[in-house]
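In: Pasting the sequence and the predicted coordinates here, then a few questions.
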Amino acid sequence: MDQSDVVEPSPGTAVAPHLLVVDDDQATRDLIAEYLSQYEYRVSGVPDGHAMRKALKESVVDLIILDLRLPAEDGLTLARALRAESSIPIIMLTGRKDDIDRIMGLELGADDYLTKPFNPRELLARVRTVLRRAQPKLVTGGPEDKLRGYRFAGWELDLRTHRLTSPAGQRVELTHAEFGLLVALLKAPQRILSRDQLLEMTRGYNEDVFDRSIDVQILRLRRKLERNPSRPEVICTERGAGYYFKAQVQAV
């Protein structure tokens, strides 16, 4: 099953996590897609790194199942590149004799691995575990948070002073609600967050938030961050699912 055959959720249902399988073997891609789609996952399949990068540009991916042995660019090369620019969870598929490469894959940032041939039920269990670990944490704003702030697309947000500075060096004022929402998005870049998740993650900043107020706060943030708020490039909408922060984020 290739990217064009993504299993999409029915209208009105909660959006399912999107898994991207990168494996040059069509049979393996089909096996994984057919099995995992039974458990309400959306699954895309691509054969190589070039197609993987194209898929990541075109849609939000929650987890990558990455084969170690690929033509042109191998899984280790792709894992290294992914970790340099993204926190998307990675499960590597390896051969039984790939011990050294498997260790290198984990050191490069892969979250888990599975040896071929594998039982699809074990893959399902590992997908669930990795996704559960990757769930964005609630925003607490407490003193245990040692981060000074975040940088993205030339912008910088200082968590201690709540100061947002533009690429031109100008300070942009944020309300408490806008600050809380921006922090929630920055803590989970390239991840779709539903309104319910954003409500829970911003509760500590504004007790009066409610479902549709998230849409209003998103609109206000876009007016402050986007070059063209009607065509957002930083805070994007996933129709029927929620919002995601598209820009690359650096914690400082």
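Out: All right, it came through fine. Residues are numbered from 1 along each chain as shown.
In: Where does pLDDT dip in the protein?
Out: Applying pLDDT under 70 to the chain flags the ranges 1-15, 98, 134-146, 203-212.
In: Quick one: the strands in it, in order.
Out: 18-22, 42-46, 63-67, 90-94, 112-115, 149-152, 155-158, 163-165, 171-172, 235-238, 242-245, 249-251 (DSSP state E).
In: how many neighbours does the residue lying closest to R148 once chain neighbours are set aside have?
Out: Leaving aside its sequence neighbours, R148 sits nearest to V252 (CB to CB, 6 or more residues apart in numbering; 5.3 Å). Bear in mind the C-beta positions are built from the backbone N, C-alpha and C, glycine included. The number of residues packed near V252 is 11, by other CB atoms under 10 Å.
In: residue contacts, V252?
Out: V252 makes contact with 147-151, 156 under the criterion CB atoms under 8 Å, 6 or more residues apart in numbering.
In: Redo the strands of the chain as a markdown table? Include distance to R128 and mean neighbour count.
Out: Shown next, in a markdown table, are those (distance: least, CB to CB, whole Å; neighbours: other CB atoms under 10 Å):
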| stretch | distance to R128 | mean neighbour count |
| --- | --- | --- |
| strand 18-22 | 11 | 25 |
| strand 42-46 | 14 | 23 |
| strand 63-67 | 10 | 25 |
| strand 90-94 | 11 | 24 |
| strand 112-115 | 11 | 18 |
| strand 149-152 | 29 | 19 |
| strand 155-158 | 32 | 18 |
| strand 163-165 | 36 | 18 |
| strand 171-172 | 40 | 12 |
| strand 235-238 | 21 | 16 |
| strand 242-245 | 21 | 21 |
| strand 249-251 | 25 | 15 |
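In: Would you reformat the ones you listed as a markdown table and include distance to R191?
Out: Output for the strands of the chain, formatted as a markdown table (distance: least, CB to CB, whole Å):
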| stretch | distance to R191 |
| --- | --- |
| strand 18-22 | 10 |
| strand 42-46 | 14 |
| strand 63-67 | 10 |
| strand 90-94 | 14 |
| strand 112-115 | 18 |
| strand 149-152 | 14 |
| strand 155-158 | 18 |
| strand 163-165 | 21 |
| strand 171-172 | 24 |
| strand 235-238 | 10 |
| strand 242-245 | 6 |
| strand 249-251 | 11 |
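In: Could you say which one of the ones you listed comes nearest to S213?
Out: The closest of the strands of the chain to S213 is strand 242-245. By CB to CB, the value is 13.3 Å.
In: for that closest one, packing partners?
Out: If you count contacts as 3 or more CB pairs under 8 Å, 6 or more residues apart in numbering; DSSP states H and E, strand 242-245 packs onto helix 176-186, helix 195-202, strand 235-238.
In: gap between the residue lying closest to R29 once chain neighbours are set aside and L181?
Out: In this structure, R29 finds its nearest non-sequential neighbour in G45, 3.4 Å apart by CB to CB, 6+ apart. G45 sits at a distance of 34 Å from L181 (criterion: CB to CB, to the nearest Å).
In: cool, and Q197?
Out: When Q197 is compared with L181 (using CB to CB), they lie 11 Å apart.
In: Which of the two has more residues huddled nearby?
Out: L181 (29 against 19).
In: quick one: which of the helices and strands packed on strand 242-245 is nearest D67?
Out: Among the helices and strands packed on strand 242-245, the nearest to D67 by CB to CB is strand 235-238 (26.9 Å).
In: Given that closest one, what are its sheet partners and their directions?
Out: The strands beside strand 235-238 in its sheet (DSSP bridges) come out as strand 242-245 (antiparallel).
In: follow-up on the earlier one: just put the helices and strands packed on strand 242-245 in TSV and tack on distance to P120.
Out: Output for the helices and strands packed on strand 242-245, formatted as TSV (distance: least, CB to CB, whole Å):
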stretch	distance to P120
helix 176-186	34
helix 195-202	29
strand 235-238	27
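In: I'd like to know which of these lies nearest to L131.
Out: For L131, the closest of those is helix 195-202, at 13.6 Å, according to CB to CB.
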